[in-house]
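Peer 1: the amino acid sequence is not available; the structure is as follows:
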Ligand SMILES: C[S@@+](CC[C@H](N)C(=O)[O-])C[C@H]1O[C@@H](n2cnc3c(N)ncnc32)[C@H](O)[C@@H]1O
């Protein structure tokens with residue numbers, strides 16, 4: 001039976017690889033490498049660095065998976081569904097063409113495969129269609145854990161929940177949520193539009209775990225402009241940016257009770 005390993009490789013620092021991930025890298029015959037175009041070249045370099053450092057006897061093959069651009073019509077869910085159908089078709093074809101009957105293929109997933117990554121969803125679609133393979137998931141240290149570690153904070157305050165959301169949904173989610181909110185995939189500096197920023201604390205991190213890491217924390221009303229400026233400068237300098245942040249209202253109910 002063909003086997004597929006979905007390996008979380010951490011969010012940018014090769015030292016984030018777990019022993020389990022390193023062992024999985026060494027079991028793969030074929031690596032499926034998504035090609036998302038030039039703007040993601042830095043991520044491709046990271047994957048190459050990880051393979052060069054941790055694979056003991058390089059005997060693997062690499063297969064590039066072309067990733068089409070997602071349509072940007074207003075129907076977001078329909079766009080994603082159509083996009084996934086196209087990627088799924090590529091996976092199905094490449095599994096058949098590139099993987100022998102008893103070989104092991106692997107996807108190297110940025111951060112953790114369970115967080116804002118569709119590899120597992122795509123594999124489920126193939127299994128539902130009757131494509132035969134076994135798969136294993138190896139968790140990784142994602143941007144959320146990296147953010148908390150670098151700022152030296154717990155994600156939750158005592159007895160309060162944590163919500164993980166996107167920049168696109170922040171305006172809707174933040175005012176309604178009673179605890180901490182972690183924001184990923186924010187291309188439009190949504191934190192600048194949060195009402196009453198003087199009552200909000202933010203822990204922001206860009207390029208977490210890498211040599212280019214930038215961290216800012218403080219009252220949103222005081223650091224918002226600085227984050228916006230640093231973000232724009234870094235984006236200009238590197239040509240791309242990945243940032244994650246946590247926000248919460250200062251002095252939540254449980255904080256006062258403890
Ligand atoms: C498609 S999601 C992938 C998340 C990944 N699976 C994880 O567990 O971190 C990409 C988003 O993750 C966040 N991210 C990933 N790596 C990051 C890093 N090194 N520093 C800051 N944010 C990062 C950013 O919010 C980025 O927009």
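Peer 2: Thanks, I have it. Because the structure is a prediction, the values reported are computed rather than measured.
Peer 1: which positions in the helix or strand that contains residue 149 come out as buried?
Peer 2: Using DSSP states H and E, residue 149 sits in helix 143-151. Using 16 or more other C-beta atoms under 10 Å as the test for burial, helix 143-151 gives 143-148, 151. The way it works is simple: take the backbone N, C-alpha and C, and place the C-beta from them, glycine included.
Peer 1: which neighbouring elements make contact with it?
Peer 2: strand 180-184, strand 200-206, strand 214-219, strand 243-249 (3 or more C-beta pairs under 8 Å, 6 or more residues apart in numbering; DSSP states H and E).
Peer 1: just the closest of the buried residues of helix 143-151 to the ligand, please.
Peer 2: Set against the ligand, the nearest of the buried residues of helix 143-151 by C-beta to the nearest ligand atom is residue 143 (3.3 Å).
Peer 1: list the contacts of the closest one.
Peer 2: 11, 111, 115, 184, 205, 208, 242, 244 (C-beta atoms under 8 Å, 6 or more residues apart in numbering).
Peer 1: what about the helix holding residue 149, near the ligand?
Peer 2: Yes. Using C-beta under 6 Å from any ligand atom, helix 143-151 reaches the ligand at residue 143.
Peer 1: ok, residues contacting the helix or strand just after that helix?
Peer 2: Next in sequence after helix 143-151, counting helices and strands by DSSP H and E, comes strand 162-166. Under the criterion C-beta under 8 Å, 6+ apart, residues 115-116, 144, 155-156, 173-174, 177, 179-186 lie in contact with strand 162-166.
Peer 1: buried ones among those residues?
Peer 2: 115, 144, 155-156, 173-174, 177, 179-184, 186.
Peer 1: now the helix ranked longest in the chain: buried residues?
Peer 2: Looking across the chain with DSSP state H, the single longest helix is helix 76-98. Across helix 76-98, burial judged by 16+ other C-beta under 10 Å covers 83, 87-88, 90-91, 94-95, 98.
Peer 1: likewise for stretch 163-177?
Peer 2: 163-165, 167, 170, 173-174, 177.
Peer 1: which one of these is nearest residue 201?
Peer 2: Nearest to residue 201 out of these is residue 174 (C-beta to C-beta; 12.6 Å).
Peer 1: for the closest one, give me its contacts.
Peer 2: 165, 181, 194, 247.
Peer 1: now swap in residue 100 and tell me
Peer 2: 2, 29.
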